[in-house]
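Student: sequence first, predicted coordinates after that:
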Amino acid sequence: MQFISLLGCVAIGLLAGMADAQNGCSHVVVRRDITSLSPQEWSRMTSVIQRMHQEGWFEYYANIHNREFGNIHGNDNFFPWHRRFLRDFEEVAQRYDRNFALPYWDELRDSRSPASSVVLSSRFIGGNGFGSCVRDGLQSNWNMGFPSNHCLVRSYDRGSQMQPWYSPEYIFSIMQRYNDMHNFREHIEYSLHGSVHLGMGGDMSTYWSANDFAFWLHHANLDRLWAQWQSWGHGSTMDGQNQNGSPMSLGSRLPHYGDPVSSTMQIGSGRMCFQYAGGSSRRSAKAMSFVAEPPNSSEDGNADAGLHALPEHLRKKWFPMLANGQAPSGAPMNGTRSIQSVSRASGKPLLYPAPLTDMWVSMHKFDRNSVSQIMDEARQFVAEMNGAKYLSPY
């Protein structure tokens, strides 16, 4: 066990980080989609990650996540705490490589058939362990030290496959319909967040899920979605409740770290010295292609076209930002390729995502009524979109 040897190093890092926060960012890294990394870039990144594993950092972070689990899930610490946690990991990685930027997994793009994602291949983080050790990719045959010695385990929720995750369209709808943190957080935490953890199984479905590098990719993507939602006029939005049931505010203190929530709210400044690929101008665009890149890059400008072809009552209900008749960046409103033809000529019906399991709900102490309402809403969304003969480009 290497916790004791890390404590001094951690304390020094925390003090250094506080100084950086006061002075602002002198070096801002850009987090990119993991699949956009060249073989050389990925090789450089894996060297850092391997060193962090060898020196006990995965054990360290899995322990923190396990210890704080009840304080950071099922309440509105969820987004700011995980942003701080990701930045902690990234800061440690930058001790080995100053330019290390934690990548994200655009998992919405893979939501129809997650197990087929290139991210889960030997090229990147490896695939299924079928209830046992992961045998390929980044963490092949890794031995994890927390909570006890064991190999890194993955166990897909449908044997060799995974059940579908939540679609880009549904997440895009959540981002448009909710202007408060509490509802936005609940809908993301009870949908995409849980489905990825449960789909991958193994260590990812435990209190110590931070053992798996998939955890860091997954939460970087959730953080990216939060950053995009923030850029839509929610830059300082913080409400709901913390782990004690007290009102959540910008002055609330994050469990474990003690930092105020306000210190996490603006990326690219203070201690949050990172941005997401594309820059603020792209993130501010209210277009679905900025939530998840379409599999066919030629469809990037048309990802919203099918949504504009929906009946008006469905656009108002599920996509209120689009219902005002203003096309988001990249969505064609006229020209040689009509919206109607795009929505009907290509794509596939939406799939019903897997619900949260009773085990997962109990483990997180979620409010069962809230979970049930959100699961019902997600199923209704799919039924009404498919009923309108919507075809997804994803």
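Tutor: Nice, thanks for sending it over. Residues are numbered from 1 along each chain as shown.
Student: please make it C-alpha for all contacts and neighbour counts, starting now.
Tutor: Noted.
Student: where are the low-confidence patches of the chain?
Tutor: When residues are selected by pLDDT under 70, those of the chain lie in 1-23, 279-286, 297-302, 325-345.
Student: spatially central, which residue of it would that be?
Tutor: Note on the chain: the residue nearest the mean C-alpha position is Leu222, at 2.2 Å, using Cα atoms, centre = their mean.
Student: may I have the phi/psi pair for that residue?
Tutor: Dihedral angles of Leu222 (phi, psi; degrees, to the nearest 10) stand at phi -60, psi -40.
Student: tell me the contacts of it?
Tutor: Leu222 makes contact with His193, according to Cα atoms under 8 Å, 6 or more residues apart in numbering.
Student: what separation is there between it and Gly199?
Tutor: Per Cα to Cα, to the nearest Å, Leu222 is found 16 Å from Gly199.
Student: one more: Leu217?
Tutor: 15 Å.
Student: same check, this time on Cys151
Tutor: Distance from Cys151 to Gly199, counting by Cα to Cα: 19 Å.
Student: neighbour count winner among these two?
Tutor: Gly199 (23 against 18; other Cα atoms under 10 Å).
Student: that one: what's it in contact with?
Tutor: 156-158, 162-163.
Student: go again with 6 Å.
Tutor: If a contact means Cα atoms under 6 Å, 6 or more residues apart in numbering, then Gly199 has 156-157, 162 as its contacts.
Student: for it, helix, strand, or coil?
Tutor: helix (DSSP: H, G, I helix; E, B strand; the rest coil).
Student: give me the nearest residue to it, chain neighbours excluded.
Tutor: The shortest distance from Gly199 to any residue other than its chain neighbours is 5.0 Å, reached at Asp157 (Cα to Cα, 6 or more residues apart in numbering).
Student: so what's the residue count around that neighbour?
Tutor: With other Cα under 10 Å as criterion, Asp157 counts 19.
Student: what's the answer for the one 3 residues further on, then?
Tutor: Applying other Cα under 10 Å, we find 12 residues neighbouring Ser160.
Student: which residues in the stretch 201-350 of the chain form strands?
Tutor: Assigned strands in the stretch 201-350 of the chain, in chain order: 274-276 (criterion: DSSP state E, counting those that start in this stretch).
Student: what are the ranges of the helices in it?
Tutor: 213-229, 279-283, 305-308, 312-318, 339-345 (DSSP state H, counting those that start in this stretch).
Student: which of those helices sits most buried?
Tutor: Per residue and on average, the most neighbours among these fall to helix 305-308, with a mean of 24 (mean count of other Cα atoms under 10 Å).
Student: check the offset of that helix from the chain's centre.
Tutor: Relative to the mean C-alpha coordinate of its chain, helix 305-308 is positioned 25 Å out (Cα atoms, centre = their mean, to the nearest Å).
Student: and stretch 141-156, by the same measure?
Tutor: With Cα atoms, centre = their mean as the basis, stretch 141-156 stands 22 Å off its chain's centre.
Student: how far does it stretch from start to finish?
Tutor: 17 Å.
Student: which residues are contacting it?
Tutor: By Cα under 6 Å, 6+ apart, stretch 141-156 touches 59, 128-135, 162, 199-203.
Student: now those residues: which count as buried?
Tutor: Among the contacts of stretch 141-156, those classed as buried by 16 or more other Cα atoms under 10 Å are 59, 128-131, 133-135, 162, 199-203.
Student: need the max-distance pair from those residues.
Tutor: Maximum pairwise distance among these (Cα to Cα): 26.9 Å, between Glu59 and Met162.
Student: for the helix or strand harbouring Ser47, which positions count as buried?
Tutor: For Ser47, the element it lies in under DSSP states H and E is helix 39-54. Buried residues in helix 39-54, defined by neighbour count with 16+ other Cα under 10 Å: 42, 45-46, 48-49, 52-53.
Student: ditto for stretch 352-369
Tutor: If you call a residue buried by 16+ other Cα under 10 Å, then stretch 352-369 has these buried ones: 352-356, 360-361, 364, 366.
Student: same check on stretch 63-77?
Tutor: 63-66, 69, 71-77.
Student: how about those, which pair is most distant?
Tutor: Asn63 and Asp76 (21.2 Å).
Student: could I get the full set of strands for the stretch 51-200 of the chain?
Tutor: Here the stretch 51-200 of the chain has its strands, by DSSP E, counting those that start in this stretch, at 132-133, 143-144, 150-151, 153-154.
Student: relative to Arg271, which of these is closest?
Tutor: Using Cα to Cα, the strands of the stretch 51-200 of the chain put strand 143-144 closest to Arg271, at 29.3 Å.
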